[in-house]
Structures are given as C-alpha cells and as structure tokens.
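Student: need a structure here:
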Amino acid sequence: MADLESDSKFATNQTTGDKYMDYIFRALEDRLRKYEKTYKAILVTGARQVGKSTLLKKVFADRKYVSLDDPFMEQQARESGNMFLELNSPPVTIDEVQRAKELFRYIKIKCDESEEKGLFCLSGSQPFHLMQNVSESLSGRIGIIELSGLSMRECMGDPFNRRFLPTMEYVTERRKSVKKPENIWEIIHRGGYPELQDKDKEWNAFYADYVKTYIERDVRELAAVQDLNAFRQLMIAVAARTGEVLNYSGIASEIGKDVGTVKNWMSILEASGIIYLLEPYTSNVLKRAIKSPKLYFRDTGLVSYLTRWLTAESLAYGAMSGPIFETYVVSEILKSFSNEGLDYRHFVSYYRGRDKKKVNEDGEIRELESEIDIIIEENGILYPIEIKKNAEAKAIMTSAFSILDQIPGKKRGMGAVICNCPDVGALRENILQIPVWYI
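Tutor: The predicted structure follows:
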C-alpha cells in the first residue's frame, strides 16, 4: 500500500470482475488477540464507521457474530437477556451492545460462572451510556480498547506501532519503515474513515450521510435532543473552532442556545468520538496558564466537510489550513497512543499563558503569546511540541518551551516542531524539526 491512490487496496471479484476494497490491517489486532487470552470480556469502543465490526469479524472470524442493529435481536436482548445468551452462547461477538444495556447483568453472570477467558467480545459506537454500564457490571472482568479512524501508518500499510515521542531514539526507529505520502493534504482532506479509502467513494456524499445518520439516530438516542437543526448548527460552529481554546459562550451566542445546552451537546460530541478536548497542563508554578481545554475534531475529513472545504487543494491554501493541519497532527499523536493500548488522556496536554513576551524575529520585534501546542509527559519528562503547516521550521517557534523549566520535579526533554519539512533536522541542541509523516 504505497499511498491512498494505490490499487493494492483493492481486490477483484473473479466472477463479476468488480473491484472491492481489500481489508486494511489495523494496529490493534495483536492487542485484541492478547486481550482475548487475558480477559473474560473485551469491549471495543469508537465512533461510528471507524471499522469496529470489520475488525472484530476479521480477528475473531470463528466466533458467532450477532448485531443488535437488528431490531429483532435488540428486542430479544433487552426483554429476555438470559434466553438471548442461551441462544447465543459464548464465545460470541455482540455488536452495538449499548442498544441493550439490560444485557450487561447477564453477561456478568456468565463471566462469573466460568473461568474461561475471551467469552464475550463486545463493541459499541455510543460509549456515552455504555461506559457507565460496563463500569457498574463488568469491572475487573473486561478489557477496553478504543478504535480510532485509520492512522496514516495504517493508510500507508506501515506496521510500525510505537507511540510518538520527539526523541532521537524514536526518529531513528521510525526511519526504518516511514513512507512519505505523495500529497499530505489529500490524506488530511479525505479523513480516516475506512470506507473512504476506496477512491471511488464520493467524499461529499459519504459525509452528508454520516452527519445525517449521526444526528438523526445517535444524537437523538444519546440525549433525546429534539432540535436537530440546532444541533447541526452546533457541529458546524464547533468545526469552525477546531484547534481553539473552548469558549462555550461564543458557541452559545452563535447558535442561539444557552450555555447549559451547549455544554450538554458538547458532551455528546465528545462521548461519541466526534471531538476531543485537550486539557491544559496544570502546575501551581504556571499561575497565568489558561485553564480551559482546547477543542479538536477527531477526523479532519469531517471537519473539512462541515466547514465547506470541498477539495484538498482549497483546504491546503484556505484560511483554515493551519487549524486543520494542527487538528490532524493532534489526532495522529492520539492514535499512536491508543493503538499501543495506552490512554492518551494520561499523557498529553497543552499550555497557553496569558502573558506575552517580545521576541526578535528576522529583525522585527513581535509580541507572542506563550503557547505549547502539545506536551507529552512520560516518566517525569515533559516533551514540548509546536505544530506548524509550514515547510520550514524555525527555532523561534519554540520560544515558549523554556517555560517548562520552571516546573519543580519535572525535566524538559527533547522538543520538536512538527511540520511539512522534507526531513528530520536539528533546530537547536534539544529541538528537532520532524515531518508530519514521522508521527
């Protein structure tokens, strides 16, 4: 799989001659198999259309597969859970399990009755209520995995599966298999939903159907939202703010709703995997740090659709190219952690200070806000990262990194500017420039 346009992603039906999309290897496959031997139940969560069902059918091909998208199956699971499990005894895969929350108590009973591992493999695209049911019923019995949209590595057929860190050790290892895409903006604009990797799939129609289905089905079920048109307006308003510090009041004013409603609806977007809220780095030393989270969409194709950048070229040269490029980088970093089975929420944050400082940039004195786009923390080391869409990185872009030196008990590690530069290089002794395709 050399790139998004590669025909190696497609196979041919020898009877009809029609082309169909070949299966794309997912980085979580090995972890799923390991969890099957470790836990009595496995739960795969993730947004709609990220490939959960396809993954489970591929990895657990020998299991019986039941989908609660089938109204009859849903009714049976909800009204007669014990009988449902007798007819669909483990080992079994149950898709869209959140549709029958009543089933969890019976799954718990089955798990407690047996010492076998891998009894149930569950999936759900609506973790809003699902996670509460899991925590109450299956605590200690279940391994939870989050499946995101396709990462660039998966799109390029790259088996590398280490979380991103801006270190020389990482870069050296990454270089062995990294592949530079022909056009990074094509990848960013296309998005990470597996169905869209079929180059014949019409981009605009896919996202139109996705938004319609998500709003009319998932949103209504999650929180009984009645004003679906206003919720659509919310999605557009939020998409226009990707990469910005979250401001509930600004969104509320734009869509004509109160702040409480906006907060509730934002929680739906977050819980269903549409957006991610990147929390600020907290330290008593950083007294002037902004405490609000930054808002990011999880899929850059979806945010491009909602903000009406209809081609890769118009996006690359448009007003939102910077925020959407930053959104893509953040999303890829998060995927690198979740695909290694790690909860990225424990590792990543950002910093923005209210104070400004004067810097000399090419002979011109400018006032810059103190900001670090991403901070990755591991083992007491803070790795600061700046994200720029530019092809050229400059050391001045990292002037805020020194703020981390104030934090007691922490050490500042190697920093980096992630950008569209042609290759890895050193900007300073402890700061690298790293091409986006190295994530």
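Student: give me the low-pLDDT residue ranges for this structure?
Tutor: 1-21, 126-133, 135, 222-224, 284-285, 287, 354-369 (pLDDT under 70).
Student: tell me the domain ranges of it?
Tutor: Following automatic domain parsing, the chain resolves into domains at 29-146, 154-438.
Student: just send these back as a markdown table, with mean neighbour count and distance to Tyr23 too.
Tutor: For glycine as for every other residue, the C-beta is placed from the backbone atoms N, C-alpha and C. Formatted as a markdown table, the domains of the chain follow (neighbours: other Cβ atoms under 10 Å; distance: least, Cβ to Cβ, whole Å):
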| stretch | mean neighbour count | distance to Tyr23 |
| --- | --- | --- |
| domain 29-146 | 18 | 6 |
| domain 154-438 | 18 | 9 |
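Student: who wins for proximity to Asp22 among those domains?
Tutor: domain 154-438 (9.5 Å; Cβ to Cβ).
Student: endpoint to endpoint, that closest one covers what distance?
Tutor: 13 Å (Cα to Cα, to the nearest Å).
Student: helices of the stretch 1-150 of the chain, residue ranges please.
Tutor: Ranges of helices within the stretch 1-150 of the chain are 29-38, 52-59, 71-79, 81-87, 104-113, 127-137, based on DSSP state H, counting those that start in this stretch.
Student: also the stretch 301-439 of the chain?
Tutor: Going by DSSP H, counting those that start in this stretch, the stretch 301-439 of the chain shows helices at 312-316, 321-338.
Student: tell me which of those helices lies nearest to Ala27.
Tutor: Closest among these, using Cβ to Cβ: helix 321-338, at 8.1 Å.
Student: against which helices or strands is the closest one packed?
Tutor: The contact analysis (3 or more Cβ pairs under 8 Å, 6 or more residues apart in numbering; DSSP states H and E) places helix 321-338 against helix 184-190, strand 275-278, strand 294-297, helix 300-306, strand 348-361, strand 364-378, strand 381-387.
Student: and of these, who's closest to Val330?
Tutor: strand 294-297 (5.1 Å).
Student: got the contact list for the closest one?
Tutor: 238-239, 241-246, 274-278, 280, 303, 326-327, 330-331, 350 (Cβ atoms under 8 Å, 6 or more residues apart in numbering).
Student: now do it: distance to the chain's middle.
Tutor: 11 Å (Cα atoms, centre = their mean, to the nearest Å).
Student: got the CA coordinates for stretch 288-301 in CSV?
Tutor: Only the C-alpha atoms of stretch 288-301 are listed here, as CSV (Å, rounded to 0.1, in the frame of the first residue of the first chain):
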residue,chain,number,x,y,z
ARG,A,288,-1.1,32.6,34.4
ALA,A,289,-1.9,29.5,32.4
ILE,A,290,-5.3,29.3,30.7
LYS,A,291,-7.4,26.6,32.4
SER,A,292,-9.9,25.9,29.6
PRO,A,293,-9.4,22.9,27.3
LYS,A,294,-8.6,23.1,23.6
LEU,A,295,-11.1,21.7,21.1
TYR,A,296,-10.2,19.3,18.3
PHE,A,297,-12.3,17.3,15.9
ARG,A,298,-11.2,13.6,15.7
ASP,A,299,-11.5,13.4,11.9
THR,A,300,-10.1,16.0,9.6
GLY,A,301,-12.3,14.9,6.7
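Student: residues in contact with Leu404?
Tutor: So Leu404 contacts 351, 372, 375, 382, 384, 410, 412 (Cβ under 8 Å, 6+ apart).
Student: skipping adjacent residues, who's closest to the last one in space?
Tutor: The reference is to Arg412. Leu404 (4.5 Å; Cβ to Cβ, 6 or more residues apart in numbering).
Student: do Ala416 as well
Tutor: In space, Ala416 is closest to Pro166, 3.5 Å off (Cβ to Cβ, 6+ apart).
Student: list phi and psi for the one you found.
Tutor: Phi and psi for Pro166, reported as degrees, to the nearest 10, are phi -80, psi 60.
Student: how far away is it from Glu173?
Tutor: 13 Å (Cβ to Cβ, to the nearest Å).
Student: now swap in Phe347 and tell me
Tutor: For Phe347 relative to Glu173 (Cβ to Cβ), the value is 18 Å.
Student: before we move on, back to that, switch the domains of the chain over to JSON lines; also include distance to Asp22.
Tutor: Below are the domains of the chain laid out as JSON lines (distance: least, Cβ to Cβ, whole Å):
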{"stretch": "domain 29-146", "distance to Asp22": "11"}
{"stretch": "domain 154-438", "distance to Asp22": "9"}
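Student: what comes into contact with stretch 48-61?
Tutor: 23-24, 26, 28-29, 32-33, 36, 44-46, 65, 67, 91, 93, 95, 121, 123, 125, 147-150, 192-195, 210, 213-214, 218, 272-273.
Student: before we move on, the earlier item: Glu254: which of the helices of the stretch 301-439 of the chain is closest?
Tutor: helix 321-338 (16.7 Å).
Student: can I get that closest one in PDB? Just the C-alpha atoms.
Tutor: The C-alpha trace of helix 321-338 is given here as PDB (Å, rounded to 0.1, in the frame of the first residue of the first chain):
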ATOM      1  CA  SER A 321      -5.400  25.100   6.700                       C
ATOM      2  CA  GLY A 322      -3.400  25.900   9.900                       C
ATOM      3  CA  PRO A 323      -6.000  24.800  12.400                       C
ATOM      4  CA  ILE A 324      -7.000  21.700  10.400                       C
ATOM      5  CA  PHE A 325      -3.300  20.700  10.000                       C
ATOM      6  CA  GLU A 326      -2.900  21.100  13.700                       C
ATOM      7  CA  THR A 327      -6.000  19.000  14.300                       C
ATOM      8  CA  TYR A 328      -4.600  16.300  12.100                       C
ATOM      9  CA  VAL A 329      -1.300  16.200  13.900                       C
ATOM     10  CA  VAL A 330      -3.000  16.000  17.300                       C
ATOM     11  CA  SER A 331      -5.300  13.200  16.100                       C
ATOM     12  CA  GLU A 332      -2.400  11.200  14.800                       C
ATOM     13  CA  ILE A 333      -0.500  11.500  18.100                       C
ATOM     14  CA  LEU A 334      -3.600  10.400  20.000                       C
ATOM     15  CA  LYS A 335      -3.900   7.400  17.600                       C
ATOM     16  CA  SER A 336      -0.300   6.400  18.200                       C
ATOM     17  CA  PHE A 337      -1.000   6.100  21.900                       C
ATOM     18  CA  SER A 338      -4.400   4.300  21.700                       C
END
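Student: so what touches that helix?
Tutor: Under Cβ under 8 Å, 6+ apart, the answer for helix 321-338 is 146-149, 151-153, 162-164, 188, 192, 242-244, 276, 278, 296-300, 303-304, 309, 315, 343-344, 347-348, 373-374, 376, 385, 387-389, 418, 436, 439.
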